[in-house]
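Visitor: Sharing a model that was predicted from the sequence below.
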Amino acid sequence: MKTTYSRVPFDVIVQAIDGDVVAINQIKEHFRPYMMQRSLRFLKDEVGQKHLVVDEVLSARLETRLLTKILAFKI
């Protein structure tokens, strides 16, 4: 069975395009789990064991890209 995910309401999208900070934060929170999952990387420690960690630089780049796309979005 196909998994269904919640969507960002249209009103929130319109408000975010207009620059409403609260609406932009709602969209960021909606996509945060996806961005965190896409930012996971394996890191080797000094012993050689691999650990799964969040790449903060990549996470920040994804968030910046999301913000620029929100503000450039045309309806």
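Guide: That came through fine.
Visitor: who's sitting farthest from the centroid in this protein?
Guide: Val47 (32.3 Å; C-alpha atoms, centre = their mean).
Visitor: hang on, that residue in a strand?
Guide: No. According to DSSP: H, G, I helix; E, B strand; the rest coil, Val47 belongs to no strand; its state is coil.
Visitor: From Val54, how far out is it?
Guide: 21 Å (C-beta to C-beta, to the nearest Å). For the C-beta atoms, the positions are set from N, CA and C on the backbone; glycine is no exception.
Visitor: same question, Thr3
Guide: 23 Å.
Visitor: of those two, who's got more company?
Guide: Neighbour count, other C-beta atoms under 10 Å: between Thr3 and Val54, Val54 has more, with 15 against 4.
Visitor: And Thr4, what's its pLDDT?
Guide: pLDDT recorded at Thr4 is 84.
Visitor: So it: helix, strand or coil?
Guide: Following three-state DSSP, we place Thr4 in the coil state.
Visitor: Please enumerate the strands of this structure.
Guide: Taking DSSP state E as the test, the strands found in the chain are 40-44, 50-54.
Visitor: buried set for the last one?
Guide: Okay, so that is strand 50-54. Residues of strand 50-54 classed as buried by neighbour count (16 or more other C-beta atoms under 10 Å): none.
Visitor: Surely Leu58 touches Arg41?
Guide: Yes. Under the criterion of C-beta atoms under 8 Å, Leu58 makes contact with Arg41 at 7.4 Å.
Visitor: Tell me which residues touch Lys28, please.
Guide: Contacts here follow C-beta atoms under 8 Å, 6 or more residues apart in numbering; on that basis Lys28 touches 63, 66-67.
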